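> Structure here, sequence nowhere to be found:
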């Protein structure tokens with residue numbers, strides 16, 4: 001796990017070596033163990049290393065035998081051993097002992113642009129081919145590892161974090177108002193947009209190739225729904241085998257590997273299997289101070305994490321957050337994220353900080369709900385709202401389709417708008433934002449963004465389409481958070497439930513093996529039932545997060561009112577002060593739960609201060 005940076009300039013830019021060193025220095029936290037640099041007349045590459053695999057001989061940038069192919073790489077390739085054997089059989093000579101990076105070097109020589117298709121892992125890498133004078137960038141299937149790019153005056157500047165691009169001196173730090181508008185419509189950023197001008201996040205499962213003749217961008221993988229496996233017994237057994245294989249691959253490291261243990265079924269299964277494979281694994285839980293907490297105390301899952309730890313005899317660490325922790329954690333969290341994001345991310349920041357004191361690697365259960373049918377409530381929204389209409393109109397629609405008048409599609413757009421647009425909806429823009437901000441932001445439509453994604457989905461099944469959208473939007477947002485908030489502490493987070501083998505298998509399961517109408521992840525529960533106590537295997541989906549709805553009304557209320565005071569909101573010039581005041585009062589009076597909106601407003605204000613935008617640091621009011 002590392003940080004990568006680079007500048008492609010085709011002999012147009014001077015002093016790129018020093019610029020790349022500044023870029024790498026800005027992300028030292030991603031790789032405090034070592035650095036490395038290489039350049040020629042066309043490109044400069046930089047690297048910061050967090051030594052986890054092949055500590056002695058895995059330095060980067062790494063080249064082939066004759067120095068004509070160079071690679072910088074962030075992530076882990078879990079099938080690198082098998083790929084190495086295949087490449088050696090084809091005559092490739094390896095210099096390192098067991099570096100997964102060198103597989104990319106020789107893999108490029110052998111497979112070229114088809115290299116990403118062969119990889120099972122999490123990755124963002126850049127390959128410079130001296131002979132062809134071409135740069136090839138790519139990210140893993142679901143975007144576990146980030147890679148930001150900016151095109152400036154014939155140059156391409158890239159890096160693992162936004163701050164690295166700004167450190168180059170070639171990318172001006174300016175706000176992208178359209179990105180701000182997008183964030184406040186869906187508490188997320190889709191399609192590669194960032195909240196900084198002229199900076200994009202290369203999309204998951206995509207590549208960008210640039211040479212003197214031009215550039216080409218495309219995708220190498222997308223979801224293929226081939227749902228055929230309907231037998232629950234067979235499905236659960238196959239999934240158990242796939243889970244075990246993924247765990248064995250992702251426990252491989254030359255340093256100790258730990259696990260998060262929230263108490264949910266995903267983290268519990270991962271922790272249990274990890275402990276079976278390595279008794280030295282330690283688990284970590286974040287719990288919350290529940291004094292005077294209201295109905296939202298159910299989010300605390302210590303009962304379940306303690307049951308798992310006791311059942312397995314784990315060395316288990318608990319971190320209890322005080323009710324006012326947000327006050328101290330908000331600024332470093334937003335600094336690490338570089339942009340406001342969804343969820344109460346400061347909790348992720350704190351638990352990663354604690355694990356990093358003991359290890360460089362931790363396993364997370366992120367992705368299990370999206371891939372294995374865990375969001376039962378979300379799927380029922382689509383089912384409840386769409387099935388009656390689909391059934392009632394089906395005969396007429398089929399007849400019209402046969403006559404060429406109408407395509408028989410399952411329109412889930414209405415429910416999707418309710419699921420994805422939950423902060424400022426499109427009909428609230430004028431009520432929420434100032435006219436000057438809206439004029440600067442131009443147009444952004446969540447409806448159009450959803451429509452674009454729906455046209456890419458290869459299935460018309462409503463639940464397939466919801467899974468597809470969740471993976472492309474919600475899950476990707478979670479993965480950005482996971483990466484940024486662990487790597488700021490020099491901690492690598494691995495996500496076994498997003499292993500290629502598990503995803504490919506899950507896409508063959510009929511929905512009846514994933515959801516039974518009352519409970520989700522049916523096949524998964526059966527697959528891991530022997531690993532965890534029944535208390536955990538049968539528990540419903542709860543979600544993980546602090547009881548912020550209560551905390552915001554209690555000890556955090558003075559902090560919130562001061563930070564979101566009307567004068568400060570007015571000076572920012574983005575929101576109308578009366579709109580923000582109404583949101584605050586609705587929450588404090590318990591007439592509505594506005595915790596997600598308040599988190600976003602607090603995050604945005606902190607982002608403005610941290611990156612000197614929309615007035616920067618403002619005095620307390």
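Looks like it arrived, so ask away. Note that this is a predicted model, so its numbers are computed, not measured.

> after the helix or strand bottoming out on mean pLDDT in the chain comes which helix or strand?
Across the helices and strands of the chain, mean confidence by mean pLDDT, DSSP states H and E is lowest for helix 376-402: a mean of 53. As assigned by DSSP states H and E, the chain's next helix or strand after helix 376-402 is helix 413-420.

> Centre of the chain to that next one, how far?
Here helix 413-420 shows a centroid-to-chain-centroid distance of 21 Å under the convention C-alpha atoms, centre = their mean, to the nearest Å.

> Pull out the buried residues from that helix.
415, 416, 419, 420 (16 or more other C-beta atoms under 10 Å). To be clear about C-beta, it is placed using only N, CA and C from the backbone, and glycine gets the same treatment.

> Packing partners of that helix?
For helix 413-420, the elements it packs on are helix 376-402, helix 446-456, helix 462-470, judged by 3 or more C-beta pairs under 8 Å, 6 or more residues apart in numbering; DSSP states H and E.

> Now do that helix, average pLDDT.
On average, the pLDDT along helix 413-420 is 81.

> Could you check the pLDDT of the residue nearest the centre of the chain?
Nearest to the geometric centre of the chain sits residue 479, at 1.5 Å (C-alpha atoms, centre = their mean). Here the pLDDT value assigned to residue 479 is 97.

> Please identify which helix or strand holds it.
Take DSSP H and E as the rule and residue 479 turns out to sit in helix 476-487.

> In terms of secondary structure, what does that helix contact?
By 3+ C-beta pairs under 8 Å, 6+ apart, helix 476-487 packs against helix 325-337, helix 346-355, strand 492-494.

> quick one, that helix and helix 325-337 angle?
If you take axes from the mean of the first three to the mean of the last three C-alpha atoms, to 10 degrees, helix 476-487 sits at 100 degrees to helix 325-337.

> can you give me how far helix 476-487 is from the chain middle?
Centre to centre, stretch against its chain (C-alpha atoms, centre = their mean), the figure for helix 476-487 is 5 Å.

> I'd like to check the angle between it and helix 346-355, please.
Using the same axes, to 10 degrees: helix 476-487 against helix 346-355 is 40 degrees.

> what does helix 476-487 contact?
If you take C-beta atoms under 8 Å, 6 or more residues apart in numbering as the criterion, helix 476-487 is touched by 1, 3, 29-30, 50, 142-146, 160-161, 188-190, 201, 204, 333, 336-338, 341-343, 345, 348-349, 352, 356, 362, 364, 366-367, 492-493, 495.

> Ok, stretch 554-568 next?
So stretch 554-568 is contacted by 292, 323-324, 326-327, 548, 552, 577-578, 580-581, 584, 588, 598, 601-602, 605, 618, 620-621 (C-beta under 8 Å, 6+ apart).

> Then stretch 437-447?
Here stretch 437-447 makes contact (C-beta under 8 Å, 6+ apart) with 177-178, 180-182, 185-186, 413, 417, 420-421, 426, 429-430, 433, 573-575.

> and if you look at stretch 311-326?
Under C-beta under 8 Å, 6+ apart, the answer for stretch 311-326 is 261, 271-272, 275, 281-289, 291, 302, 305-306, 308-309, 344, 346-347, 350-351, 354, 358, 532-533, 546, 548, 551, 554-556, 559, 602.

> Assess the claim that residue 297 and residue 287 are in contact.
No: applying C-beta atoms under 8 Å, one finds residue 297 not in contact with residue 287, separated by 11.1 Å.

> Those two: which has the busier surroundings?
residue 287 (18 against 13; other C-beta atoms under 10 Å).

> what pairs with the more buried one across the strands?
Per DSSP bridges, residues listed as beta-bridge partners of residue 287: residue 320.

> which ones are touching it?
300, 302, 305, 318, 319, 320, 321.

> The second one against residue 262, yeah?
The reference is to residue 302. No: checked against C-beta under 8 Å, the pair residue 302 and residue 262 is beyond contact range at 9.5 Å.

> Return every residue with contacts to both of those two.
Jointly contacting residue 302 and residue 262 under the rule C-beta under 8 Å, 6+ apart are residue 285.

> which of the two has more neighbours?
Higher neighbour count among residue 302 and residue 262: residue 262, with 28 against 16, using other C-beta under 10 Å.

> where in this structure is pLDDT low?
1, 54, 298, 384-411, 542-543, 621 (pLDDT under 70).

> Which segments of it make up each domain?
2-219, 232-373+477-537, 376-427+439-471, 556-610 (automatic domain parsing).

> Identify whichever of those lies nearest to residue 225.
domain 376-427+439-471 (4.2 Å; C-beta to C-beta).

> Tally up the residues packed near residue 216, please.
When neighbours are counted by other C-beta under 10 Å, residue 216 registers 13.

> How much space separates it from residue 127?
According to C-beta to C-beta, to the nearest Å, residue 216 and residue 127 sit 14 Å apart.

> re the thing from before, can you say which of the contacts of stretch 437-447 are buried?
Buried subset of the contacts of stretch 437-447 (neighbour count, 16+ other C-beta under 10 Å): 177-178, 180-182, 185-186, 420-421, 429, 433, 574-575.

> Could you save these as TSV and add columns showing secondary structure and distance to residue 486?
Output for the buried ones among the contacts of stretch 437-447, formatted as TSV (DSSP: H, G, I helix; E, B strand; the rest coil; distance: C-beta to C-beta, whole Å):
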residue	secondary structure	distance to residue 486
177	helix	30
178	helix	29
180	helix	26
181	helix	29
182	helix	25
185	helix	27
186	helix	24
420	helix	26
421	coil	29
429	helix	35
433	strand	33
574	coil	30
575	strand	31
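
> would CSV of those with distance to residue 235 be doable?
CSV is the format used below for the buried ones among the contacts of stretch 437-447 (distance: C-beta to C-beta, whole Å):
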residue, distance to residue 235
177, 47
178, 43
180, 44
181, 43
182, 38
185, 37
186, 33
420, 29
421, 34
429, 45
433, 48
574, 49
575, 48
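
> Who are the contact partners of residue 192?
Counting by C-beta under 8 Å, 6+ apart, residue 192 has contacts 200, 201, 202, 203.
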